[in-house]
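> Sequence first, predicted coordinates after that:
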Amino acid sequence: MQEFLNYIGGERCPARSGAWLETVDPSTGQAWARIPASGAEDVDVAVQAAQRAFDSGAWTGLSSAERAAKLRAWADAVEASAEWLSEVETRDNGRPLRETRFAQIPGAAMQIRYLAGLAENLQGSTVDIRPGAFAYTRWEPVGVTALIIPWNGPLPVFFAKVAASLAAGNAIVVKPAQQATASILEATRLFDELGFPPGLVNVVSGRGSEVGDAIAGHPGIGKISFTGSTATGRSIMQRATVNIKNLLLELGGKSPNIVFADADLDAAVTGVSAGIFTPNAGQACVAGSRVLVDASIYDEFLERLAAHAASIEVGDPMDLSTGMGPIANEAQYETVRSYLRLGREEGARLVTGGHTTEELIKDGSPLRGGFYVDPTLFAVDDNRLRISQEEIFGPVAVALPFNSEEQAIELANDTPFGLAAGLWTKDLRRAHRVTDRLRAGNVWVNTYKAMHWALPFGGHKQSGNGGTANGSTALHEWMDPKAVWMNVG
C-alpha cells in the first residue's frame, strides 16, 4: 500500500497524531494507499509556515514579472508530468485516464500560464479628487489563503486555485477532499523541484469535520476558497463568521439543458449526453441534469438520447477506450443508488439505465468491487419531484417536456440553484431572449460544459456567492483593494 504525506513548510510529514486514513480505488473498491488523518494542530502548523513564507518576502518581494516566470516554469512542469500525475488522479477518483491525461492536466497548465499573464498586468488606478490631492488605488495580497478542494476534479481545481492565489502574491494552505488526496500530495513534488519558497504552499490531508473545520475557524487565514456541495458551503460560512473571513464559494447545481424543436438534434443528443453522462459519470457541479425538451419532439429526443446513453462504455477508467468510469467513492455511490430508488418511488419512468455494479460488472472481474452506475434517464412531468430538484451528482438525468418558450424558462429557473444552463436552437433571437432570462452564472448555446480560463465562472442563488474563479479579474478575488489619498498642494 502506497503512503502519501502532508506537505508543510517544504517538508513531508505524517499527521502529528500519527493517525491515517485509507484511500480507495473506486474502480475496484480496494484500498490502495493511505494518507495522514490530520487535525487542528496540523492546520495550525501549516498556517504558521505559510505566514512565515509570506512575511519573509521570498515570494511577495519578487516583481510581478519574476512571479509570472516562476508560474510559467511550474506550468511547464505540470504539462511534462501529465502522464504520471494523471495515473494517480485516475486511480484515486475514477475519472477516465483519457480525460485526466489529455484534457485536464494540459488544460491546467494553460490556465496557470494565463494567470501568470494576469499577474504581470495587474493595475490600480488614479482618481481625480481635487487640485492639490493625489489619489490612487492598488491591489495587495490577502496574506494566508486556504483552499478546500473537491473530490470530483482534485488536480485541475488545485492547480487553478493555487496559481491564482500565488499570482496574487499569497501563501497557501490546501485541504484536499479526504476521498481524493493522493494526486495533490504527489503534485507538491513539483514545488521542490522548482525551488518554490518552503511554506509558500502547504497541503494538509484529513477529514472535513477536523481539518476543514479548523481551517474555517482559524484566525490566521484571511480568505477561504471552497468548491463543493451547497450544504458544506453553508457550514463553512457559519464557521467563518467568527473571524469575518472573506469567502469564495463554488457550490452545487441542478442545471437545465433546454432543447427547442428547431435544434440540430444530432448535436443536441451528443451535447446533452456529454453534459450529464461523460466522462465523469455526472459528477460535475455544472452537470446538465435536467433535460427540458419541447413537447413536440419529446418522445423522439428521449429515444435518441437513450440510445446514445446505452452506447457509452462503462468500465475501467485506466483503459483509454472507456467512455465513463465509476462513481468516485462509496458514499457517493450509495447516494446515487438511493436516488435511483427514489425516482422509481416518485413515479418517474425509467427510459434507460438504472443499473449498478452487480448488474454491470461480471463475477470474477477485478472491477466487481467498484462503484459503477450506467447512464440513467428518467422521464417525468413534475419539476417538483425530489429527483427534479435535488443535486444527485451522478449519471442521472431527468427529462421534462415543455409547451412554450415561456414555460421552458420558468422550468429552467425553478430550482434553488443557479450555476449553469444550456439551450439548443437555430434561432439566434430566441437564443438571446432565453439567455437573458436564465438565472445562471454560466450559459451555453448549442454546446454544453465548454470552459475557458478567460471566462468568469461563478454561480447565482445557492450555487455560490457570486465570486468569479476565472476571467480577467480573477486575481482580484485573492487580493484586497487599497485606496490612497495624498495631499500634495
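Perfect, I can see it now.

> can you give me the helices in the stretch 51-200 of the chain?
Across the stretch 51-200 of the chain, reading from the start of the chain, the helices by DSSP state H, counting those that start in this stretch fall at 64-80, 82-93, 97-99, 105-120, 154-167, 182-187, 189-194.

> now, of those, which is deepest in the fold?
Among these, judged by mean count of other CB atoms under 10 Å, the one packed with the most neighbours on average is helix 154-167 (a mean of 26). For glycine as for every other residue, the C-beta is placed from the backbone atoms N, C-alpha and C.

> Convert that helix to CSV, retaining C-alpha atoms only.
Extracted in CSV, the C-alpha atoms of helix 154-167 (Å, rounded to 0.1, in the frame of the first residue of the first chain):
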residue,chain,number,x,y,z
PRO,A,154,-8.8,17.4,-7.5
LEU,A,155,-5.8,18.3,-9.7
PRO,A,156,-7.3,20.8,-12.1
VAL,A,157,-9.0,22.7,-9.2
PHE,A,158,-5.8,22.5,-7.2
PHE,A,159,-3.7,23.9,-10.0
ALA,A,160,-6.2,26.7,-10.9
LYS,A,161,-6.7,27.9,-7.3
VAL,A,162,-3.1,27.7,-6.3
ALA,A,163,-2.0,29.5,-9.4
ALA,A,164,-4.5,32.3,-8.9
SER,A,165,-3.6,32.8,-5.2
LEU,A,166,0.1,32.7,-5.9
ALA,A,167,-0.2,35.1,-8.8
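
> If you count contacts, what does that helix end up packed against?
Helix 154-167 makes packing contacts with helix 64-80, helix 82-93, helix 105-120, strand 144-148, strand 171-175, helix 182-187, strand 223-227 when contacts are defined by 3 or more CB pairs under 8 Å, 6 or more residues apart in numbering; DSSP states H and E.

> Figure out which of these is closest to P256.
With CB to CB, the closest approach to P256 among those belongs to strand 223-227: 21.2 Å.

> which one of the helices of the stretch 51-200 of the chain lies closest to G253?
Each of the helices of the stretch 51-200 of the chain has some distance to G253 by CB to CB; the shortest is helix 154-167, at 15.4 Å.

> Next, count neighbours for the nearest residue to M479 once chain neighbours are set aside.
Nearest-residue entry for M479: W139, 4.3 Å, with adjacent residues in sequence omitted and distances by CB to CB, 6 or more residues apart in numbering. Using other CB atoms under 10 Å, W139 is surrounded by 16 other residues.

> thought W139 was touching A119?
No - the pair W139 and A119 does not pass the contact test of CB atoms under 8 Å, sitting 10.7 Å apart.

> anything in contact with each of these two?
Contact with both W139 and A119 is made by residues A168, L475, according to CB atoms under 8 Å, 6 or more residues apart in numbering.

> For G315, list the residues it contacts.
By CB under 8 Å, 6+ apart, the contact set of G315 is T322, G325, L367, Y372.

> Tell me the predicted confidence for it.
The pLDDT attached to G315 in the predicted structure is 96.

> can you check G467 too?
In this prediction, G467 carries a pLDDT score of 69.

> Are we agreed that L248 is in a strand?
Yes - for L248, which was evaluated using DSSP: H, G, I helix; E, B strand; the rest coil, the result is membership in a strand.

> neighbours around it, how many?
Around L248 sit 22 other residues, with neighbours defined as other CB under 10 Å.

> what sits opposite it in the beta ladder?
With DSSP bridges applied, the residues forming beta bridges to L248 are S225.

> dump the residue contacts of it.
If you count contacts by CB under 8 Å, 6+ apart, L248 has them with K223, I224, S225, F226, N465, G467, A469, E477.

> Scan these and report the most crowded one.
When neighbours are counted as other CB under 10 Å, the busiest of these turns out to be F226, with 28 neighbours.

> Kindly provide the distance from that residue to P317.
When distance is defined by CB to CB, to the nearest Å, F226 is 26 Å away from P317.

> Any chance you could list what contacts stretch 385-395?
Counting by CB under 8 Å, 6+ apart, residues outside stretch 385-395 touching it are 152, 229-230, 252-254, 276-277, 281-283, 287, 289-290, 324, 327, 332, 335-336, 339, 342-343, 346, 348, 353, 373-376, 378, 380, 382-383, 396, 398, 400, 415-417.

> hang on, the earlier thing: of the contacts of L248, closest to A163?
For A163, the nearest member of the contacts of L248 is A469. The distance, counting by CB to CB, is 11.1 Å.

> Excluding chain neighbours, what is closest to A216?
Leaving aside its sequence neighbours, A216 sits nearest to R239 (CB to CB, 6+ apart; 3.5 Å).

> Could you list the domains of the chain?
Under automatic domain parsing, the residue ranges defining each domain of the chain are 2-251+464-487, 256-452.

> dump the residue contacts of S56.
S56 is in contact with P197, counting by CB under 8 Å, 6+ apart.

> Can you read off the pLDDT for the closest residue in space to L71 that isn't next to it in sequence?
Spatial nearest neighbour of L71, chain neighbours left out: A116 (3.9 Å); criterion: CB to CB, 6+ apart. For A116, the pLDDT comes out at 97.

> Can you tell me how far A116 is from A163?
As judged by CB to CB, A116 and A163 stand 8 Å apart.

> Could you tell me which residues touch both of these two?
Taking CB under 8 Å, 6+ apart as the contact definition, A116 and A163 share the neighbouring residues L71, A75.

> L247 is nearest to which of the helices of the stretch 51-200 of the chain?
Evaluated with CB to CB, the helices of the stretch 51-200 of the chain place helix 154-167 nearest to L247, the distance being 13.2 Å.

> What about R430, how many residues nearby?
Close neighbours of R430, defined as other CB under 10 Å, add up to 16.

> Check E303 too.
Counted with other CB under 10 Å, the burial measure for E303 works out to 13 neighbours.

> which element is it on?
In the assignment (DSSP states H and E), E303 maps to helix 298-310.

> got the phi/psi numbers for I258?
In terms of degrees, to the nearest 10, the main-chain angles of I258 are phi -100, psi 130.

> Mind pulling up the pLDDT for it?
The predicted structure scores I258 at 98 on the pLDDT scale.

> Ok, the one 5 residues further on next?
The score at A263 is 98. That number is its pLDDT.

> mind listing what it touches?
For A263, the residues meeting the contact criterion (CB under 8 Å, 6+ apart) are W424, T425, K426, N446.
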